[in-house]
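> Sequence and predicted structure, then a few things I'm wondering about:
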Amino acid sequence: MSLLFKSYAAVRPLLFSMDAEQAHNFTLQRLSTLHQNPVTQRLLPKPPEGKPIQLMGLTCRNPVGLAAGLDKNGAHIDALASLGFGFVEVGTVTPLAQPGNPQPRLFRLPERQALINRFGFNNDGLDTFLSNVKRSNWRKQGGILGLNIGKNASTPIEAAVDDYLKGLVGVYPEADYITVNISSPNTQNLRALQAADELSSLLRALSEKRKELSDQHQRYVPIAVKIAPDLNQEQIAAIADSLRENGIDGVIATNTTLSRETVEGLPHSDEQGGLSGPPVHALSLSVIRGLRRQLGDDFPIIGVGGIQSAHDAQDKLDAGANAVQLYTGLIYRGPALIHECIRALKD
């Protein structure tokens, strides 16, 4: 086993003794330090050879991706990509920098290998984000990079489309695909954009602007939409129709849940925010199955939520996903989870 895998298992108790957000930032910084130092680069395990897949017209090295939210400012793209991901998604970025919600805002529920966060799209803004992205080498080396866009908390929900258009214009030249995040539970009223009329209006505006940008930059960039797990089948059907009608290229299912049914009584279970990890797995599978029924066999679906093992990743594919993304599982399992999933999904 790689030294990095062993060291993560060894240092996890120390990390879990720290404030969760402090540990998050510390780990990213240490990983970047390892990656940037030629001497310590040998500590990074060589990824297994995965099975390349086609996703939204893009060739990914394997079907295991990094979910948005881990690297909100795109400051650690190359270090994270070196762990073996087939594609990497960073953000969510908003047009203007914003601090997000007050701390503490990230909580561990180790009994369920889960997290609750109420970050609220904390990020350094579009200009800093793009500077970070441009400095990375991942795309130059053939890697697939997704850039995730959202709206500022200070922007009224009625004007949300303006923020998403600003984000689309800004990230378009630097993205292999763009994700429209309308499902975070931590920005007031954001999930209202998933309603049929609001969603169609937003996606229509983005699709029209994409046509202009495609002509301007002489390249077509796919757009995906990230949706919530807290949807019924009627809502899923309406979203699927809107995706098709507005020429959207993919869907990411799902974000965090507001449900606390599976964690009631645990420490921190009453904290406000989105719950991630194994409690989301079954909800995500239900949404994926509903989307696949509505969208047919050819529409790209990325499954995310509650993947703690290769078996969980395979569940997503069996439900109808074409690829998966990891986040919370990395906090509990470390980089070994990535390699485990790559090997299992190779066949």
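The structure has been received and is ready for your questions.

> what are the ranges of the helices in the chain?
3-17, 20-36, 77-81, 126-135, 160-171, 196-217, 233-245, 278-295, 310-319, 328-333, 336-344 (DSSP state H).

> Comparing those helices, which yields the minimum mean pLDDT?
The weakest mean pLDDT among the helices of the chain belongs to helix 3-17, with a mean of 81.

> Pull the residues that contact that one.
With contacts defined as Cβ atoms under 8 Å, 6 or more residues apart in numbering, helix 3-17 is touched by 23, 26-27, 34, 43-45, 108, 110, 334-336. For the C-beta atoms, the positions are set from N, CA and C on the backbone; glycine is no exception.

> Include mean neighbour count when you put the helices of the chain into JSON lines, please.
As requested, these are exported to JSON lines (neighbours: other Cβ atoms under 10 Å):
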{"stretch": "helix 3-17", "mean neighbour count": "14"}
{"stretch": "helix 20-36", "mean neighbour count": "16"}
{"stretch": "helix 77-81", "mean neighbour count": "22"}
{"stretch": "helix 126-135", "mean neighbour count": "17"}
{"stretch": "helix 160-171", "mean neighbour count": "20"}
{"stretch": "helix 196-217", "mean neighbour count": "16"}
{"stretch": "helix 233-245", "mean neighbour count": "18"}
{"stretch": "helix 278-295", "mean neighbour count": "22"}
{"stretch": "helix 310-319", "mean neighbour count": "19"}
{"stretch": "helix 328-333", "mean neighbour count": "23"}
{"stretch": "helix 336-344", "mean neighbour count": "21"}
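
> Who are the contact partners of Asp163?
For Asp163, the contacting residues are 94-95, 150-152, 155, by Cβ under 8 Å, 6+ apart.

> how far away is Ser183 from Arg30?
30 Å (Cβ to Cβ, to the nearest Å).

> Was I right to think Asn186 contacts Gly120?
Yes: here Asn186 reaches Gly120: they are 4.5 Å apart, a contact under Cβ atoms under 8 Å.

> Now do the shared contacts for those two.
100-101.

> if I look at the closest residue to Leu337 other than its chain neighbours, how far off is Val39?
Distance criterion Cβ to Cβ, 6 or more residues apart in numbering; nearest residue to Leu337, sequence neighbours excluded, is Gly329 at 5.0 Å. For Gly329, the distance to Val39 equals 29 Å [Cβ to Cβ].

> What of Arg61?
Separation of Arg61 from Val39 (Cβ to Cβ): 26 Å.

> Of these two, which one has the most company?
Arg61 (21 against 7; other Cβ atoms under 10 Å).

> Tell me, what's the model's pLDDT at the more buried one?
pLDDT, Arg61: 97.

> got the contact list for the nearest residue to Leu190 once chain neighbours are set aside?
Nearest non-adjacent residue to Leu190, counting by Cβ to Cβ, 6+ apart: Ser184, 5.6 Å away. Residues near Ser184 by Cβ under 8 Å, 6+ apart: 92, 120-121, 150, 190-191, 255-256, 274.

> sorry, back to before: quick one: which of the contacts of Asp163 is nearest to Ala313?
Minimum distance to Ala313 across the contacts of Asp163 is 26.0 Å, recorded for Gly150 (Cβ to Cβ).

> one step back: take the contacts of Ser184 and keep only those in strands.
92, 274 (DSSP state E).

> Of the contacts of Ser184, just the buried ones, PyMOL syntax please.
In PyMOL, this line selects whichever of the contacts of Ser184 come out buried by 16 or more other Cβ atoms under 10 Å:
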select buried, resi 92+120+121+150+190+191+255+256+274
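
> Take the contacts of Ser184 and write them to CSV, including distance to Met18.
Putting those into CSV (distance: Cβ to Cβ, whole Å) gives the following:
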residue, distance to Met18
Thr92, 24
Gly120, 21
Phe121, 23
Gly150, 27
Leu190, 29
Arg191, 31
Asn255, 25
Thr256, 22
Gly274, 21
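
> which one in the contacts of Ser184 is the model shakiest on?
In terms of pLDDT, Leu190 ranks lowest among these, with 86.

> Help me confirm that that residue comes into contact with Thr155.
No: at 10.3 Å, Leu190 does not count as touching Thr155 under the criterion of Cβ under 8 Å.
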